[in-house]
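[1] could you work out the structure for the sequence below:
(chains A and B)
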There are 2 protein chains.
Amino acid sequence: MTDAQPTSKSTPKSEQTRTLILETALGLFRERGYDKTTMRAIAQEAGVSVGSAYYYFSSKEHLVQGFYHRIAAEHRAAVRSVLDTETSLEKRFAGVLLAWLDIAEPYHEFAAQFFKNAADPESPLSPFSPESEPARQEVVAVHREVLAGARTKVPAELEESFPDLMWLSQMGLVLYWVFDRSQGRERSRRLAERGARLTARGIVLSRFRVLRPLVHDLHDLFADLLPGMAQTAARRKDRRSGEGEGEERGNGGRESAGSGR
Amino acid sequence: MTDAQPTSKSTPKSEQTRTLILETALGLFRERGYDKTTMRAIAQEAGVSVGSAYYYFSSKEHLVQGFYHRIAAEHRAAVRSVLDTETSLEKRFAGVLLAWLDIAEPYHEFAAQFFKNAADPESPLSPFSPESEPARQEVVAVHREVLAGARTKVPAELEESFPDLMWLSQMGLVLYWVFDRSQGRERSRRLAERGARLTARGIVLSRFRVLRPLVHDLHDLFADLLPGMAQTAARRKDRRSGEGEGEERGNGGRESAGSGR
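    Reported below is the predicted structural model:
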């Protein structure tokens, strides 16, 4: 309860403490709600000092970002099997969405409660916020891989737009899932499957040139109007022109490639 | 404060009382929040008996539905000029969306507060709920008129799907607007204009037969997965087969038809 610094900073030990704090926080958020849980209560429940808790997560918002990264990491692991073996675009996308539903299920109750904190796009907890960009980019990278490994080839000019739009449609699914009370989230699963089918067909149709401006405009509209997306769009543009400068982006370590037009 | 019945039921007087109660409720919702406002407090503030308040609105939810109808009626009046004179699909749709933003502006603060009550699609306050169907149908009817009076002709097979999807895109705008803190809602206005342009172009492209199944599937997906929409879809289907039976849809008393298969 005193303000002592964490006693050890060695990686595995500190990683354990970090995980302990995160787990404890999620437990309390679930029990008491996000708003009513203080950093002090989290530290107390985890058996660490308040200073230690703040050392690992400088605010409750950072705990939530930690949670987003954890979900993204579990998700990345869970999609390996489908992404390594499946070549149908529809099945790859559906597999990724269904895997997300599985991973997120233990947090469903928390998500429903937490929704009011994350729904405001200007909240740092919103998936659209600049603060959420690292976690968002981890997920967008998965969608990039969904496309890259599919038999369906995508016009080069849309290679960067589709993964963002796929992420956006995943957010639509998340919104639906938050309020889904059906047994086994059966309705969300149907939305994932049918949404994947629709999206895949839409992507296939992008071989018609007449449709491409529509995709660009849709993408630009979101990039312009959602607070955290403008940065992403700008970076994307740089990447396209600056090619292969191996810019590092830490967390997520996804990257590179690009291949140009 | 006693449980007296309303003293007069004559139309203009009772209409006045109804309006008074609704206005008072909206004022209190704005001041104290929806959850903290009781029917008793509304009656007291309006200077009517609790019994009278319940006579006009059997619950707070009914007050909100009354509010939705009022907004829809004001909106219908506000779009007349653009719908009577403009023939460009894009301008008609943009005009309708912009008019909604104007009408709704005085309620912006309330909407942001109220959002958490209406976001759950299973809440009777959700725009997707069966309870909201009458108000929803009033708005869908406006979108049907947007299409019907435009130079752009829509394939007959999509005439019933587009107005629902246009309504759905309006709900996307509403969601964005709720959280929009920009000066003069300038960002929402841009979304309305650019969204209208995109939608109009999408509708124009539906002349390509290859795209039509996508529109049908998108529509069916929403109809199946959103709680209040299934009914709407069924009624629509009936109407298409039962044609021209002159079904009335006045405030709330929509309905009838049915015809079943």
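[2] residues of the stretch 151-261 of chain A that sit close to chain B?
    When proximity is defined as C-beta under 8 Å from any C-beta of the partner chain, the stretch 151-261 of chain A approaches chain B at A:176, A:179, A:181, A:187, A:190-191, A:194-195, A:197-198, A:201-202, A:205, A:208, A:210-211, A:213-214, A:217-218, A:221, A:224-225. Every residue, glycine included, has its C-beta placed from N, CA and C.
[3] could I get the full set of helices for the stretch 101-250 of chain A?
    A:108-118, A:133-148, A:161-178, A:186-205, A:212-225, A:229-242 (DSSP state H, counting those that start in this stretch).
[4] got the contact list for the nearest residue to residue A:89 once chain neighbours are set aside?
    Spatial nearest neighbour of residue A:89, chain neighbours left out: residue A:150 (3.8 Å); criterion: C-beta to C-beta, 6 or more residues apart in numbering or on different chains. Contacts here follow C-beta atoms under 8 Å, 6 or more residues apart in numbering or on different chains; on that basis residue A:150 touches A:87-89, A:92.
[5] which among the residues you listed end up buried?
    Among the contacts of residue A:150, the ones that count as buried by 16 or more other C-beta atoms under 10 Å in any protein chain shown are A:89, A:92.
[6] could you dump the contacts of residue A:150 into JSON lines with pLDDT added?
    JSON lines is the format used below for the contacts of residue A:150 (pLDDT from 0 to 100):
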{"residue": "A:87", "pLDDT": "97"}
{"residue": "A:88", "pLDDT": "97"}
{"residue": "A:89", "pLDDT": "97"}
{"residue": "A:92", "pLDDT": "98"}
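[7] are any of the residues of the stretch 151-261 of chain A next to chain B buried, and if so which?
    Looks like these have A:176, A:179, A:187, A:191, A:194-195, A:197-198, A:201-202, A:205, A:211, A:218, A:221, A:225 buried, using 16+ other C-beta under 10 Å.
[8] would you check which pair of these lies furthest apart?
    The distance between the two most remote of those (C-beta to C-beta) is 31.9 Å, for A:179 and A:211.
[9] and the residue of chain A found nearest chain B, how many neighbours?
    At 4.6 Å from chain B, residue A:116 is the closest residue in chain A, using C-beta to the nearest C-beta. Counted with other C-beta atoms under 10 Å in any protein chain shown, residues neighbouring residue A:116 total 16.
[10] okay, the nearest residue to it once chain neighbours are set aside: pLDDT?
    Nearest residue to residue A:116 in three dimensions, chain neighbours excluded: residue B:116, at 4.6 Å (C-beta to C-beta, 6+ apart). According to the prediction, residue B:116 has pLDDT 77.
[11] do the same with residue A:122
    On the pLDDT scale, residue A:122 gets 77.
[12] state the distance from it to residue B:112.
    11 Å (C-beta to C-beta, to the nearest Å).
[13] what do these two both touch?
    With C-beta under 8 Å, 6+ apart, residue A:122 and residue B:112 have common neighbours residue B:179.
[14] any idea which helix is longest in chain A?
    Longest helix in chain A, counting residues (DSSP state H): helix A:60-85.
[15] quick one: mean pLDDT for that helix?
    Average pLDDT, helix A:60-85: 94.
[16] quote the end-to-end distance of stretch A:200-214.
    Across its full length, stretch A:200-214 reaches 16 Å between end residues, using C-alpha to C-alpha, to the nearest Å.
[17] quick one: contacts of it?
    With contact meaning C-beta under 8 Å, 6+ apart, stretch A:200-214 is reached by A:88-90, A:93, A:147, A:152, A:154-155, A:157-158, A:162, A:215, B:198, B:201-202, B:205, B:208, B:210-211, B:213-214, B:217.
[18] same question for stretch A:189-196.
    Taking C-beta under 8 Å, 6+ apart as the rule, stretch A:189-196 contacts A:90-91, A:93-94, A:97-98, A:101, A:169, A:172-173, A:176, B:217, B:221, B:224-225.
[19] just stretch A:165-172 next, same as before
    A:93, A:97, A:100, A:127-128, A:136, A:139-140, A:143, A:146-147, A:195, A:199, A:215, A:218-219, A:222.
[20] buried sites along it?
    Buried, per 16+ other C-beta under 10 Å, within stretch A:165-172: A:165-170.
[21] need those in CSV (columns: pLDDT).
    Formatted as CSV, the buried residues of stretch A:165-172 follow (pLDDT from 0 to 100):
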residue, pLDDT
A:165, 93
A:166, 95
A:167, 94
A:168, 92
A:169, 93
A:170, 95
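[22] quick check: mean pLDDT across stretch A:175-186?
    Stretch A:175-186 comes out with an average pLDDT of 92.
[23] now it: buried residues?
    Result for stretch A:175-186 [16+ other C-beta under 10 Å]: buried residues A:175-180, A:185.
[24] ditto for stretch A:14-34
    Those buried within stretch A:14-34 under the rule 16+ other C-beta under 10 Å are A:14, A:17-18, A:21-22, A:24-26, A:28-30, A:34.
[25] secondary structure element holding the residue nearest to residue A:146 when sequence neighbours are not counted?
    Closest residue in space to residue A:146, ignoring its immediate chain neighbours: residue A:92 at 4.6 Å, by C-beta to C-beta, 6+ apart. Taking DSSP states H and E as the definition, residue A:92 sits inside helix A:89-104.
[26] just checking, what packs against that helix?
    helix A:60-85, helix A:133-148, helix A:161-178, helix A:186-205 (3 or more C-beta pairs under 8 Å, 6 or more residues apart in numbering or on different chains; DSSP states H and E).
[27] contacts only, for the residue nearest to residue A:146.
    Residue A:92 touches A:82-83, A:86, A:146, A:149-150, counting by C-beta under 8 Å, 6+ apart.
[28] mind doing that once more with 6 Å?
    A:86, A:146, A:150 (C-beta atoms under 6 Å, 6 or more residues apart in numbering or on different chains).
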